[in-house]
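1. Quick one, structure for this:
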Amino acid sequence: SPDGRRIAITEQGARPGLYILGAADGSRRRVETGGADYSPIWSRDGRWLASDSDGLGTIVWHDAQTFAEQ
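-> Okay, here's the model as predicted:
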């Protein structure tokens, strides 16, 4: 994320998908998107996360407030 507090990754394997990692505490949270999303990128203000839905070239925007650190 632009503030350096969160890291968005794509994980492959048994449960592929989009995950958010806490940079300070190593927390790990799956972003439930209904599919497998790839190539995440943050908006400049950190309020949105865009990803390639199912690797098909369809860009999906996720509201980052729904998975913000508690």
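
2. What residues does the residue sitting furthest away from the middle of the chain make contact with?
-> Going by C-alpha atoms, centre = their mean, the residue of the chain most distant from its centre is residue 14, 17.6 Å out. Residues near residue 14 by C-beta atoms under 8 Å, 6 or more residues apart in numbering: none. Yep, even glycine has a C-beta here, placed from its N, CA and C like the rest.

3. element containing the residue most central in space within the chain?
-> Centroid-nearest residue in the chain, with C-alpha atoms, centre = their mean: residue 8, separated by 4.3 Å. Using DSSP states H and E, residue 8 maps to strand 6-11.

4. hang on, the earlier thing: could you check which helix or strand contains the nearest residue to the residue nearest to the centre of the chain once chain neighbours are set aside?
-> Distances taken as C-beta to C-beta, 6 or more residues apart in numbering place residue 40 nearest to residue 8, at 3.7 Å, with adjacent residues excluded. Residue 40 belongs to strand 37-42 when assigned by DSSP H and E.

5. Where does pLDDT dip in this protein?
-> 55, 67-70 (pLDDT under 70).
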